[in-house]
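Peer 1: Mind looking at a prediction? Sequence and model below.
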Amino acid sequence: MGLIWVIATLVPLAAFVVQILFGSVLKRANAYIATGAIGFSFFLSTMGMLWYASFKPGVLSPPGHHAHHEEVVEGAGAAGHADHSHDGEAGEATDHGHEDAGHDSEADHGPVNPVAFEGSISWATLIRGEDTLSKVLRENPALGDLIGPEDLREEGPGVVSVGYRIDNITALMFFMVTLIATCIHVYSMGYMDHEPRYGRFFAYLSLFCFSMLALVVSNNFFQVFMCWELVGLCSYFLIGFYYEKKSASCAANKAFITNRIGDVGFIVGLMVLFSTFGTFSFSEIFTPEGMLNPELAAKADTFWLTVAGIGIFVGCVGKSAQFPLHVWLPDAMEGPTPVSALIHAATMVAAGVYLIARSFPLFTPEALLVITYIGGITLFVAATIAIVATDIKKALAYSTVSQLGYMVMVLGIGGWIAGLMHLITHAFFKALLFLCSGSVIHGTGTQEMPQMGGLYKKMPKTALTMLVGVLCISGFPLTSGFYSKDAIIAQVLAYGESNPEHTFILLLPGISAGITAFYMFRLWFMTFVGTPRDKHVHDHAHESGDLMTVPLVILACCAFLAAGVPWLGLPIPSLESFIGFGQPAAADSGQFAGLTARAHELHGVASVVASGCALLGTVLAVAIYWKGYLSPSEAQRQFPRVYDLLINKWYFDEIYRYLAVRPAMAFGRMVAWFDKNVIDGALDGSADLTVRGSNFEGRFDLGIVDGMVNWIGSTFFETGVSLKRVQTGWLRGYVVTIALGAVALVALGAFLYTP
Amino acid sequence: MIDTVLLTLILFLPALGAAMLALPFFDSDEKSKHWMLINTIATFGLTLLLLGDFLELTNEQGFVPPLSERALATADGQNAPNDLVVRVPWISSSAFNIEYYLGVDGISLSLIVLTGLISVLGAAASFSVKKFTRGYCILFLLLETGMMGVFLSLDFFLFYIFWEVMLLPMYFLIGIWGGPRREYAAIKFFLYTLFGGVLMLIAMLGFYFNSDPNTFDIIRLQQIGQTTGPDAPFSPFFQRVMFVLLFIGFAIKLPAVPFHTWLPDAHVEAPTPISMILAGVLLKMGGYGLIRIAYPICPDGAYFFAVPVAVIGVVSIIYGAFAAMAQQDFKKLVAYSSVSHMGYVTLGIAVLPILSPVYYTWGMAGAMFQMIAHGISSAGMFFLVGVIYERAHHRDLNRFGGLMNIMPVYGALSIVIFFAGMGLPGLCGFPGEIFTVLAGFKFGAAFGIIAAFGVILTAGYILWTVQRVYLGSNKQYEGTPDITTWETLTVLPLVFLSILLGVYPDLLLGWMAPDVEVLVRDLTDYGRSLTDVVTAAK
């Protein structure tokens, strides 16, 4: 029944093909095809979600219990428990209650296998298996013993396959992507209404949806990589959608190339997996309960494992816009706003986080430390830049980078559930925030917040829904963002307790939580309250139509409720417990043993810390941007250096221009020069020498050879003249004679030599 | 019997067509061009027929018997009725032992079909040729015979003849129908290839005189070369020397840095269809020569020089990409991109000391796939450059812009082809590139990683080109007519194949990979007999 997801993945692809082939006929009908396709995918994924739950009822059990993995992992051993999990068998999770009765008085699901369905087909077959062509070894079995160890013989991957693998994370991501994408498709029908390339926009969206869904359902790293590049391609097309603008095409190039830098890391990761493990498949690399397959792990030394982990993580750094490859995402705001919401906030950029979570058991402690630090730096740097951004979309873009940093960092410290939870909640509220900003841009015609102000009365729906988003991202109690950020802070506190040497990096999430609340309220206040700063803009501002506001309302509800309502004792599955069902054992063993439980205990402290920081930021924003007690320009004057650093985005673009782009160009010119002058120079020089030598030699036998040549020449000329009479042109005859003659001569010569 | 006719027809139908063009009937340019097109289409049809016949050879174990098996069965006089091997004594079997000896396996067949296809498209693209049309058509068809001969021959002497036969029409096609510096380019091309040909000739004679009985039979020479033990006819030293000669000869054609400088000049000066042939087929002869001759006959040399060859491959990838980035001439950029892309072929073939047939297959099959994919995408790229050159009369990248809006169909087709060249998953450039890079890493981490960096550079120059030519807006070329139906039909098969092979590489690998596997197993088995190689691998 995994087919339901396969169909849901392929429907947008079919829609894309139809749109691209018949786009000129369909024109605006493209929008309906695209929206219908993704809507159907959403329907299927909802069915799939229910289907999944019926196969794995454990996923729906009350919250707070899956997390207790530690005694199981310490106890009977992972392998023993894996035997109890049977793929695709309904009710298996409930059996565990009896098996693990000794560990926990309440129902403990232990290391369940979250994978419900899996299947694949061959994409590229390089080796067809033993019975085909290993002739030599078959005929001379002795040869194998003669030449060396067994491992030199028949090992390694012979097939690259594409397939699907459905576990709770896949089902959830699939559901999230299709839901948000459906909302954004509807929204786009309003937002893109007056665009000349309306049809093509939807074609690209369909292609993107397919690529993203295929990425999520992948059962192996190779397929992830292919889809990884495809979503990047769609991102490229959509960032450069207004390609008449130089800035748009430059931003598109920047996004693609920066992502490709990350992809080299990903390829390195693939190469290590390929050469040490000989497989890309998730189910071969990871055990069902989520550890690195011990058989394979024995083959690889720690160094290469770390390289593989960091390599794959570098791919995530590119795609999820982490420091130091974050520079493309703010520029990507050149694309239409729905694209920013779908691709550059909710789905594609989260793919990096998804992949970190997916390959979590692969990461060595060293790789995880790198992940932690990169995430920590990113979340802080991006948050600081967001403070001074005046372009509403760029402010949101930096906020996205910062929030992705949270997810990456918390994954690095073992907060697998917290990271994925934040991925889902963030997807909803950030998509909402972007769509709201799109509505503002649509209504006012500007992206610059200094030209806005006082728009609340003009566009109340947008303002209110955006306020929901702002509350969510700031982490106000009862909003989804509160729960996910709280989970992150709790994990950070728990990790900090046992790893005090990393305290510095662990302070950043707390500080940045305050900054987040500050810049988000700043954004909202600058846009919607106060006196209008630009009369012209204000006069023309209007609320958007229903096509745009209805998705806003839906997304606002989702964003508010995305985390569920945990801890109220209600029998409703929370997001946390749904995700926690699939938590890999690796996230709760080894250095992370007991951390999840400790984080649970720290929830209370964490919520105080997180809310406190958020409150502080909010108060500051109210004081400055609403009440005007403090003047932002005064602050700029007080700290000119800091302001310069932030307004120039920490000078990353400049650094890259001088350290990477220009040197690469200069090196290219150098290579071209070398090619032209050194290699060709040497060639032409030697040719020249040969000519001189021949001239010198030529003087000796001038008479004899010349005479002969003249004779042959005149003979041929006469032949040519006679040919000319027959034919229409002299040169044609010449060519024919030469060409055919050469063939004939070679053949004839060969025959003549026959004794 | 029927296979004899089929193989011979594929080989000589174009030449026959060329000869018939000498008839007075073809008195108008139109007639000549149409005849050329019909002829290439017929030949292409025959190659497809050959493909069908080849697949029919599939036995009950599910694979086609390896070429060596079929060829040797023919030699023993048990001539199977339809084994796609033709052996007829040509020049005195007692003294010189030169045979009219043709045969196909999955490796050569894929290149033969590619040649057939690119020739059809090249002929279609030739309809804009204006001067000396009949001569052009004759040379074009002779060229096709030469190319087919190279891929079909199993006799080294025959191979060598066709190698040189192909050279001459090419020389004239560039030298007469080329651009302003055509003579320089044509002579450069001619001398370079001739130089390579001479090295090959020496190696050929070396093999001939060191084999007993003296033979030009490539299959037999492969067996002799792969004989191990102290009394092997080809000593390791001999193999290494011969390998160097052959490698340089084929690397020129490939072209690998530093033997590549004929290529940019030849491409820039050659007319569009000839550029298509040059990039689409001629470069593949170098790779084919390595795969069919240099590696199987001199495996010891291949093992000995594996590292230098892999270095040449990686350097070509990076060097070509950097050089491409610095070009202002559209065609030169595409030419240097060929150098870069063919570097993956060199790398993929070079990595045999990994000694595992499974892993080495990734390198070799990747190299083969890359050759086919490059044949498709580069031919397409050159054609598309030609389309815009005919309209704008220049190729200066900095003077274009905005063509996407002015010529939307052209823009869309170009995007597919250029992204295929960039190696985007889902298009044909990807599998070959990734397979060879993966195998390169297995051979030596540095090779894989450096080659992977080529991915960034490739994206860099392709995207920059796309931006400069297609994106933006431009008043200057407003009103330029979009790509014509005829031109669309010419490039559409390439676009279609780019997508098809990218989405479903098994289509090609299905009949190519088994023969690659046979070759790979032979080579790795040989390597395992070399104790020093095995020790190094551990």
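Peer 2: Yep, that arrived.

Peer 1: Do a quick rundown of the helices in the stretch 1-150 of chain B.
Peer 2: Here the stretch 1-150 of chain B has its helices, by DSSP state H, counting those that start in this stretch, at B:2-20, B:29-56, B:67-75, B:106-125, B:133-152.

Peer 1: Spatially, what comes nearest to residue A:610 if we skip its sequence neighbours?
Peer 2: Closest residue in space to residue A:610, ignoring its immediate chain neighbours: residue A:489 at 4.7 Å, by C-beta to C-beta, 6 or more residues apart in numbering or on different chains. In short, each C-beta sits where N, CA and C put it, glycine included.

Peer 1: Get me the contact residues on the stretch 251-400 of chain B for chain A.
Peer 2: When proximity is defined as C-beta under 8 Å from any C-beta of the partner chain, the stretch 251-400 of chain B approaches chain A at B:258, B:261, B:264, B:319, B:322-327, B:355-359, B:361-362, B:365.

Peer 1: any weak-confidence spans in the chain?
Peer 2: In the absence of a named chain, this looks at chain A. Across chain A, residues meeting the criterion (pLDDT under 70) sit at A:61-111, A:129-156, A:564-573, A:697-713, A:715-755.

Peer 1: oops, chain B please
Peer 2: Filtered on pLDDT under 70, chain B yields the residue ranges B:1, B:75-80, B:93-94, B:531-538.

Peer 1: what about the spatially most central residue of it, which SS state?
Peer 2: A centroid search over chain B (C-alpha atoms, centre = their mean) returns residue B:284, at 1.4 Å, as the residue closest to the centre. Here residue B:284 takes the helix state, with states given by DSSP: H, G, I helix; E, B strand; the rest coil.

Peer 1: and it, what does it touch?
Peer 2: B:111, B:114, B:371, B:374-375 (C-beta atoms under 8 Å, 6 or more residues apart in numbering or on different chains).

Peer 1: Out of those, flag the one nearest to residue A:191.
Peer 2: Proximity of the contacts of residue B:284 to residue A:191, judged by C-beta to C-beta, is greatest for residue B:374, which lies at 41.4 Å.

Peer 1: where's that closest one relative to residue B:345, distance?
Peer 2: Using C-beta to C-beta, to the nearest Å, residue B:374 is found at 8 Å from residue B:345.

Peer 1: same deal with residue A:528?
Peer 2: According to C-beta to C-beta, residue A:528 and residue B:345 sit 60 Å apart.

Peer 1: Those two: who's more crowded?
Peer 2: Neighbours per residue (other C-beta atoms under 10 Å in any protein chain shown) separate residue A:528 from residue B:345, with residue B:345 holding more: 32 against 24.

Peer 1: List the residues that contact that one.
Peer 2: The contact partners of residue B:345, by C-beta under 8 Å, 6+ apart, come to B:254, B:287, B:313, B:367, B:370-371, B:374, B:432, B:436.

Peer 1: mind redoing it with 10 Å?
Peer 2: Contacts were defined as C-beta atoms under 10 Å, 6 or more residues apart in numbering or on different chains; by that measure residue B:345 touches B:254, B:256, B:283-284, B:286-288, B:290-291, B:313, B:316-317, B:363-364, B:366-371, B:374, B:432, B:436.

Peer 1: These in strands, which ones?
Peer 2: Filtering these for membership in strands, criterion DSSP state E, returns an empty set.

Peer 1: So which of the residues you listed are in helices?
Peer 2: Here DSSP state H is the test, and those give B:283-284, B:286-288, B:313, B:316-317, B:363-364, B:366-371, B:374, B:432, B:436 as lying in helices.

Peer 1: Could you name every residue contacting both of residue B:374 and residue B:345?
Peer 2: The contact lists of residue B:374 and residue B:345 share B:283-284, B:287, B:432, where a contact means C-beta under 10 Å, 6+ apart.

Peer 1: does residue A:474 really touch residue A:522, like I thought?
Peer 2: No. Between residue A:474 and residue A:522 no contact is recorded; they are 11.1 Å apart, counting by C-beta atoms under 10 Å.

Peer 1: which residues of the stretch 1-150 of chain A fall in helices?
Peer 2: According to DSSP H, counting those that start in this stretch, the helices that the stretch 1-150 of chain A contains are A:3-26, A:29-55, A:70-74, A:78-82, A:92-99, A:130-133, A:135-139, A:141-147.

Peer 1: Pretty sure the residue nearest to residue A:610 sits against residue A:510.
Peer 2: Yes. Shown here, residue A:489 and residue A:510 form a contact pair, counting by C-beta under 10 Å, at 6.6 Å.

Peer 1: between those two, who's got more neighbours?
Peer 2: In terms of neighbours (other C-beta under 10 Å), residue A:489 is the more surrounded of residue A:489 and residue A:510; the figures are 30 against 17.

Peer 1: so where does the more buried one fall, helix or strand?
Peer 2: Taking DSSP states H and E as the criterion, the element that holds residue A:489 is helix A:480-498.

Peer 1: What number of residues are in the vicinity of the closest residue to chain A within the stretch 101-250 of chain B?
Peer 2: Residue nearest to chain A within the stretch 101-250 of chain B: residue B:135 (3.9 Å; C-beta to the nearest C-beta). Summarising burial for residue B:135: neighbours were counted as other C-beta under 10 Å, giving 25.

Peer 1: what's the answer for residue A:112, then?
Peer 2: Neighbours of residue A:112 under the rule other C-beta under 10 Å: 26.

Peer 1: I'd say it and residue A:289 touch.
Peer 2: Yes. Under the criterion of C-beta under 10 Å, residue A:112 lies in contact with residue A:289, with a separation of 7.3 Å.

Peer 1: Tell me which residues touch residue 407, please.
Peer 2: No chain was given, so I picked chain A. Applying C-beta under 10 Å, 6+ apart, the residues contacting residue A:407 are A:320, A:322, A:350, A:352-354, A:356-357, A:375, A:379, A:415, A:418-423, A:426, A:484, A:488.

Peer 1: nope, chain B
Peer 2: Under the criterion of C-beta under 10 Å, 6+ apart, the neighbours of residue B:407 are B:387-388, B:391, B:413-414, B:470, B:477, B:480-483.

Peer 1: and the two most separated of those residues?
Peer 2: When the contacts of residue B:407 are compared pair by pair using C-beta to C-beta, the maximum separation belongs to B:413 and B:477, at 17.0 Å.

Peer 1: neighbour count winner among these two?
Peer 2: More crowded of residue B:413 and residue B:477, by other C-beta under 10 Å: residue B:413, with 22 against 17.

Peer 1: Please identify the helix or strand for that one.
Peer 2: Applying DSSP H and E as the criterion places residue B:413 in helix B:408-422.

Peer 1: roughly how far out does that helix sit from the chain middle?
Peer 2: Distance of helix B:408-422 from the chain centroid (C-alpha atoms, centre = their mean, to the nearest Å) equals 22 Å.

Peer 1: Taking helix A:3-26 as reference, get the angle to it.
Peer 2: Here helix B:408-422 runs at an angle of 140 degrees relative to helix A:3-26 (axes from the mean of the first three to the mean of the last three C-alpha atoms, to 10 degrees).

Peer 1: For helix B:408-422, list every residue counted as buried.
Peer 2: Of the residues in helix B:408-422, those with enough neighbours to count as buried (16 or more other C-beta atoms under 10 Å in any protein chain shown) are B:408, B:410-422.

Peer 1: before we move on, what about stretch A:212-223?
Peer 2: Under the neighbour-count criterion of 16+ other C-beta under 10 Å, stretch A:212-223 has A:212-223 buried.

Peer 1: and if you look at stretch A:524-533?
Peer 2: Within stretch A:524-533, judged by 16+ other C-beta under 10 Å, the buried ones are A:524-530, A:532.
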